[in-house]
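A.B. asks: sequence unknown, structure follows:
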């Protein structure tokens with residue numbers, strides 16, 4: 001398999017993904033870099049992870065890579081069948097429904113808690129990120145827009161002051177990023193997403209927890225619909241245009 005260099009419109013550190021890793025944060029960097037390969041499709045669904053090639057690219061041994069693969073399997077991005085090596089799990093409609101339902105609830109709770117605990121300095125920082133995001137939107141710079149968008153959601157999460165919530169959120173984040181990367185964002189949906197962010201900022205500024213929770217749930221639901229529409233186009237089923245579910249994937253020997 002050839003692992004190509006691709007620009008990744010995400011917030012994680014991927015600028016030097018194919019260079020040697022600094023040993024002071026080896027585990028986290030290996031997890032982040034392999035996760036990005038999965039998220040961007042550099043390691044496509046149902047493909048086997050080429051451990052030797054990745055180790056050579058990153059300048060690491062098999063041990064830290066295999067530890068990273070266990071983490072990514074826990075996140076639902078990889079399957080680890082016995083004696084076969086890691087396999088990238090496919091993304092299905094059921095996965096999108098389940099992941100975004102849970103993430104919507106987590107985002108809503110983080111927004112509600114943030115409204116009760118956020119500082120004025122944090123609101124100003126989110127407002128600044130929002131302004132930068134609007135500039136990216138007006139330029140049509142989707143990668144930069146996604147990067148700033150994610151920073152806003154993470155800033156709200158941080159303001160919730162709830163470490164258990166944050167841990168659950170980041171466990172699912174890889175799946176959400178992967179789904180979003182696969183989605184085709186139409187001009188209409190992009191405009192709608194920006195308007196939703198305007199409403200999120202307004203509710204957060206006014207410390208209206210119930211409103212920001214409601215908006216964030218809707219925001220995630222709308223994202224899920226875009227992803228499912230993209231799956232329908234990219235992976236049409238044999239009958240009726242339905243993309244395969246996890247049950248169908250399982251029938252082909254792929255574990256959910």
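C.D. replies: Looks like it arrived, so ask away. Predicted model, so just to flag it, every value in this text is computed and none were measured.
A.B. asks: spit out the contact partners of the nearest residue to residue 26 once chain neighbours are set aside.
C.D. replies: Excluding its sequence neighbours, the residue lying closest to residue 26 (C-beta to C-beta, 6 or more residues apart in numbering) is residue 64, at 5.5 Å. Every C-beta, even on glycine, is put in place using the N, C-alpha and C of the backbone. The neighbourhood of residue 64, defined by C-beta atoms under 8 Å, 6 or more residues apart in numbering, consists of 26, 27, 30.
A.B. asks: okay, now the unreliable bits of the stretch 151-256 of the chain?
C.D. replies: 234-256 (pLDDT under 70).
A.B. asks: again, only this time at 80
C.D. replies: Scanning the stretch 151-256 of the chain with the threshold set as pLDDT under 80 gives 182, 184, 233-256.
A.B. asks: quick one: the helices in it, in order.
C.D. replies: 163-182, 187-205, 209-234, 246-251 (DSSP state H, counting those that start in this stretch).
A.B. asks: about what we covered before: now pLDDT too, for the contacts of residue 64, in TSV please.
C.D. replies: Output for these, formatted as TSV (pLDDT from 0 to 100):
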residue	pLDDT
26	88
27	89
30	96
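A.B. asks: distance of the residue nearest to residue 26 relative to residue 51?
C.D. replies: Using C-beta to C-beta, to the nearest Å, residue 64 is found at 11 Å from residue 51.
A.B. asks: and for residue 76?
C.D. replies: Taken as C-beta to C-beta, the span from residue 76 to residue 51 is 20 Å.
A.B. asks: still on that earlier bit, identify each buried residue in the helix or strand harbouring the residue nearest to residue 26, please.
C.D. replies: Taking DSSP states H and E as the criterion, residue 64 maps to helix 62-74. Counting neighbours by 16 or more other C-beta atoms under 10 Å, one finds that the buried residues in helix 62-74 are 64, 65, 66, 68, 69, 71, 72.
A.B. asks: nearest to residue 84 among those residues?
C.D. replies: residue 69 (12.2 Å; C-beta to C-beta).
A.B. asks: wait, the closest one sits on residue 80?
C.D. replies: Yes - shown here, residue 69 and residue 80 form a contact pair, counting by C-beta atoms under 8 Å, at 6.8 Å.
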